[in-house]
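In: Below is the sequence, then the predicted model.
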Number of protein chains: 2
Amino acid sequence: MMQQHGLTEHELRAWRVSFEMVELLRTRIEQQLQASSGLSNADYTVLAVLSEAPGGRMRLYELGRVAGWEKSRLHHQLTRMSRRDLVLRERCGSRGMDAVITERGLAALEEAVPSHAQEVRRLFVDRLTPEELNRFADIAATILDGLRADRASAQVP
Amino acid sequence: MMQQHGLTEHELRAWRVSFEMVELLRTRIEQQLQASSGLSNADYTVLAVLSEAPGGRMRLYELGRVAGWEKSRLHHQLTRMSRRDLVLRERCGSRGMDAVITERGLAALEEAVPSHAQEVRRLFVDRLTPEELNRFADIAATILDGLRADRASAQVP
């Protein structure tokens, strides 16, 4: 009914199924996380990234880069998490700030991991053949590289 | 550092790149929509779906199914949109309710479409070869089918 300026019918269909998948997959993964552990997708990402960093800590700048969040989004996310004692922020040297996972944060993550991994397997990994999984991850990496490069260039003043 | 119960290292890497792509792509698409037209991804979905339905209207049940939202999420979304006069809800027959796109909703959609389509092309379509686009959409459809089937079975009392 409406003209989709600049996309062919075929491209539009490919985009729509992809975007619907994106929306529904993240919603379902988050519902399961929330129900089983009270964590959001964003909470889980922060805890998983910090738990794997040396000493469970990371510069805010680096954490924001890994998570793909702007400064204000990262700030609000860490504020909510520090109120729940999942992370804390510590000054590191004269200028930098670190995010640090707490004992409670590590315990919350360890509790969440098994059922989260099971849900990822059920809704994603087991739905695909090994070849499809590899192809999907390769194409996702291509898209992700583009998104990151675009972000980097957009931040140049 | 942490054991990822039930996922191999390879599967976990495939999932992580996929999930990061999912998160960053939807964030970036929404940022562009918000900046150019004040619409969220969810607003855009509702407007696009209704604009293509006969008479610009659809049963709430059907709209929720297409968007992949539960009843309460759909309710809150439509309440926010009707406050902005983008949609309205109308009783249809003795039991059903329809969501209907308003003139203002249609105008907002038509204003948003060109730059949204351009962003979809820039961040997604043009990053991939035609073969990659097709493969990605096919695999996304497989995942989406699984998510929908799972949802349907979860709703059986």
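Out: Great, that's in hand.
In: C-alpha from now on. contacts and neighbour counts both.
Out: Noted.
In: Can you check which helix is longest in chain A?
Out: Across chain A, the longest stretch assigned as helix under DSSP state H is helix A:9-37.
In: Endpoints of stretch A:77-97, how far apart?
Out: One end of stretch A:77-97 sits 15 Å from the other (CA to CA, to the nearest Å).
In: and it, which residues are buried?
Out: Within stretch A:77-97, the residues scored as buried using 16 or more other CA atoms under 10 Å in any protein chain shown are A:78, A:81-82, A:86-89, A:97.
In: what inclination does the helix or strand of chain A with the lowest mean pLDDT have with respect to helix B:9-37?
Out: Lowest by mean pLDDT, DSSP states H and E among the helices and strands of chain A is helix A:130-155, with a mean of 87. Counting by axes from the mean of the first three to the mean of the last three CA atoms, to 10 degrees, helix A:130-155 lies at 40 degrees to helix B:9-37.
In: Take the buried residues of stretch A:77-97 and lay them out in TSV including distance to residue B:60, pLDDT and secondary structure.
Out: Shown next, in TSV, are the buried residues of stretch A:77-97 (distance: CA to CA, whole Å; pLDDT from 0 to 100; DSSP: H, G, I helix; E, B strand; the rest coil):
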residue	distance to residue B:60	pLDDT	secondary structure
A:78	37	98	helix
A:81	36	98	helix
A:82	39	97	helix
A:86	39	98	coil
A:87	41	98	strand
A:88	43	97	strand
A:89	45	96	strand
A:97	48	94	strand
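In: Can you add distance to residue B:49 and give these back as CSV?
Out: Listed next are these as CSV, based on distance: CA to CA, whole Å:
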residue, distance to residue B:49
A:78, 36
A:81, 36
A:82, 40
A:86, 40
A:87, 41
A:88, 43
A:89, 44
A:97, 45
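In: For chain B, tell me which of those residues show up nearby.
Out: Here nothing survives when those are matched to chain B using CA under 8 Å from any CA of the partner chain.
In: dump the residue contacts of residue A:8.
Out: Neighbour list for residue A:8: empty [criterion: CA atoms under 8 Å, 6 or more residues apart in numbering or on different chains].
In: Any figure for the gap between it and chain B?
Out: 10 Å (CA to the nearest CA, to the nearest Å).
In: ok, back up a step: could you tell me which other helices and strands the longest helix of chain A packs against?
Out: Counting contacts by 3 or more CA pairs under 8 Å, 6 or more residues apart in numbering or on different chains; DSSP states H and E, helix A:9-37 packs against helix A:41-52, helix A:103-123, helix B:9-37, helix B:130-155.
In: and residue A:87, what are its bridge partners?
Out: residue A:101 (DSSP bridges).
In: Say whether chain B is contacted by the least confident helix or strand of chain A.
Out: Yes - Helix A:130-155 lies within reach of chain B by CA under 8 Å from any CA, at A:132-134, A:136-137, A:139-144, A:146-147.
In: among those, which ones are buried?
Out: Buried among the residues of helix A:130-155 next to chain B by 16+ other CA under 10 Å: A:132-134, A:136-137, A:139-144, A:146-147.
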